[in-house]
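**Student:** quick check, what structure comes out for this input:
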Amino acid sequence: MRVLFLHQNFPAQFLHVSAALRERKGVEVIAVTHESNRRRFNVPIRTYQFNSANVSASVALATHYAQRIARAEALAPTLDLLRREGFEPDVVVGHGGWGETLFVGDIWPKTKILLHAEFYYSATGADVGFDTEFYRETPLQSKIRVRARNTIMMQALFDAHSGVTSTRWQAKQFPLDLARKISVAHEGIDTERAKPDRSATVALKRNNLAFSASDEVVTFVSRNLEPVRGFHVFMRALPAMMRSRPNAHFVVVGADGEGYGASAPVGRTWRSIFLEEMRAKLDMGRLHFVGRVAHQNFIRLLQISSAHIYLTYPFVLSWSLLEAMSCGALIVASATPPVEEVIEDGRNGFLVPFFDADALSEKIAEILAEPTAYDSLRLAARQTILDRYDLKTKCLPEWLALIDRVADA
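**Tutor:** Numbers count the residues shown, from 1 in each chain. Just a heads-up that it's a prediction; the model follows:
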């Protein structure tokens, strides 16, 4: 069997399944990615050139579509070169949001496509319009923009033989006719790597500090610090958390780049905006922004965490939440989908209303006041990941079986 992976930032969601396929006897695996990708690769790589800045659309609503079509067009010669070299994949696995699978059927008409259908946007009931503080559109503007944004995913999934997404809630966001194509299979958590270790330590060299599980350390993680992941709610809860726990330190992992939601005003970052809003009320000696960190350091931070805060709009579920649970962290999360698919309040973590900074700060104070009282929730969080999201025993077998089914269809 021959399998081709397409992703501009490969390996992305396909890290483990691509490696597992390459270990199979009789399976040939290749990946095609953007030339700027500097990640480590576990399979042979081809690259393509593309610069979205060179793509323009006369209608603003068409920009998203135009950029994805242009990316697919830029990728096509690389795929056609593979064809002329004699490579014909049985299955192409790609992410629907980038447009890279759009012309696969024109190059290899017999090839099956398995599409990672990560998210289908909606004008109601999901991230759009959820947070009115940053909502600047009329209902009609939202509906039009969302429909335009979904066009690429709809076309890609229509052409695909099967789709896959990470949670049941994400699958339910798709129109019924398309949802019938979609299986639910999470990419999986390496529970042997992300595991409890209360002997772990973390050093913050810039601040000349070191922490262990005996210290009061509250963690907050987001790839980019932005409202979609509740950064503003966290910042507004900080003063009360600091007052109630004068020895607690708060470690924030995340960058200031472009995120999933609205961009910060030109020349600003969301971090600078909310720091400016709250700085006078904060003890800056106990607030530590560490940017993005190496994964091994990230795991150690979760292992020593006294409480881990995860907030999100109704949107794609972050791997960081599941890795925190796998490390036995005590979770305080927002009562939003698809978090509620994973966290059961009072059993394997706690849920608070997304916008309720007071409820968040009160729950953190309650947890830190009795550090051993909630050990059963830590154990239950870990067990949830072992039962439902373990890479080797659950998720990787599901992905491999799905690829086999698509190849044999």
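
**Student:** quick check: end-to-end length of stretch 85-96?
**Tutor:** The stretch stretch 85-96 measures 26 Å between its terminal residues, going by Cα to Cα, to the nearest Å.

**Student:** what's in contact with it?
**Tutor:** For stretch 85-96, the external contacting residues (Cβ atoms under 8 Å, 6 or more residues apart in numbering) are 1-7, 12-14, 17, 28, 30, 100-101, 104, 108, 110-118, 152-153, 156-157, 160, 163, 403, 406-407. (Glycine included, C-beta is placed from N, CA and C.)

**Student:** just the buried ones among those, please.
**Tutor:** Buried positions within the contacts of stretch 85-96, assessed by neighbour count (16 or more other Cβ atoms under 10 Å), are 2-7, 12-14, 17, 28, 30, 100-101, 104, 108, 111-118, 152-153, 156-157, 160, 163, 403, 406-407.

**Student:** wait, Asp283 touches Met241, no?
**Tutor:** No - the pair Asp283 and Met241 fails to qualify as a contact (Cβ atoms under 8 Å) at a distance of 10.5 Å.

**Student:** looking at those two, which one has more neighbours?
**Tutor:** Under the criterion of other Cβ atoms under 10 Å, the comparison of Asp283 against Met241 puts Met241 first, with 24 against 14.

**Student:** could you look up the SS state of that one?
**Tutor:** Judged by DSSP: H, G, I helix; E, B strand; the rest coil, the three-state class of Met241 is helix.

**Student:** how about it, what does it touch?
**Tutor:** For Met241, the residues meeting the contact criterion (Cβ under 8 Å, 6+ apart) are Val218, Ala248, Phe250, Leu360, Ser361, Ile364, Ala365.

**Student:** where in this structure is pLDDT low?
**Tutor:** In the prediction, the chain carries no residues with pLDDT under 70.

**Student:** can you list the domains in it?
**Tutor:** 2-188+391-408, 201-388 (automatic domain parsing).

**Student:** and of these, who's closest to Ala194?
**Tutor:** domain 201-388 (4.0 Å; Cβ to Cβ).

**Student:** thinking again about what came up before, from the contacts of Met241, which land in strands?
**Tutor:** In this view, those that belong to strands under DSSP state E are Val218, Phe250.

**Student:** need the domains of the chain in a markdown table with distance to Ala194, can you?
**Tutor:** Written out in a markdown table, the entries for these read as follows (distance: least, Cβ to Cβ, whole Å):
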| stretch | distance to Ala194 |
| --- | --- |
| domain 2-188+391-408 | 10 |
| domain 201-388 | 4 |
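
**Student:** now do the helices in the stretch 201-350 of the chain.
**Tutor:** Here the stretch 201-350 of the chain has its helices, by DSSP state H, counting those that start in this stretch, at 231-244, 270-278, 295-304, 319-326.

**Student:** most packed of those helices?
**Tutor:** When the helices of the stretch 201-350 of the chain are scored by mean count of other Cβ atoms under 10 Å, the highest mean neighbour count falls to helix 319-326 (a mean of 25).

**Student:** what angle sits between that helix and helix 295-304?
**Tutor:** For helix 319-326 and helix 295-304, the angle between their directions (axes from the mean of the first three to the mean of the last three Cα atoms, to 10 degrees) works out to 50 degrees.

**Student:** just checking the distance from helix 319-326 to the centre of its chain.
**Tutor:** A distance of 11 Å separates the C-alpha centroid of helix 319-326 from that of its chain, computed with Cα atoms, centre = their mean, to the nearest Å.

**Student:** also stretch 63-78?
**Tutor:** For stretch 63-78, the separation from the chain centroid amounts to 23 Å (computed by Cα atoms, centre = their mean).

**Student:** for that stretch, buried residues please.
**Tutor:** Those buried within stretch 63-78 under the rule 16+ other Cβ under 10 Å are 63-72, 74-76, 78.

**Student:** stretch 126-144 too?
**Tutor:** So for stretch 126-144, counting by 16+ other Cβ under 10 Å, buried means Ala126, Asp127, Val128, Gly129, Phe130, Asp131, Ser142.

**Student:** am I right that the fourth one sits in a helix?
**Tutor:** No - the assignment for Gly129 (three-state DSSP) gives coil, which keeps it out of a helix.

**Student:** what sits closest to it if chain neighbours are left out?
**Tutor:** With sequence-adjacent residues excluded and distances taken as Cβ to Cβ, 6 or more residues apart in numbering, Gly129 is closest to Tyr135, at 5.4 Å.

**Student:** that neighbour and Ala123 touch, don't they?
**Tutor:** No - here Tyr135 lies out of contact with Ala123, judged by Cβ under 8 Å, at a distance of 11.2 Å.

**Student:** shared neighbours, the two?
**Tutor:** Taking Cβ under 8 Å, 6+ apart as the contact criterion, the common neighbours of Tyr135 and Ala123 are Gly129.

**Student:** report the beta-bridge partners for Val251.
**Tutor:** Per DSSP bridges, residues listed as beta-bridge partners of Val251: Thr219, His288.

**Student:** now it: how far from Ile343?
**Tutor:** Here the distance between Val251 and Ile343 works out to 21 Å (Cβ to Cβ, to the nearest Å).

**Student:** and Leu360, by the same measure?
**Tutor:** Counting by Cβ to Cβ, the gap between Leu360 and Ile343 amounts to 14 Å.
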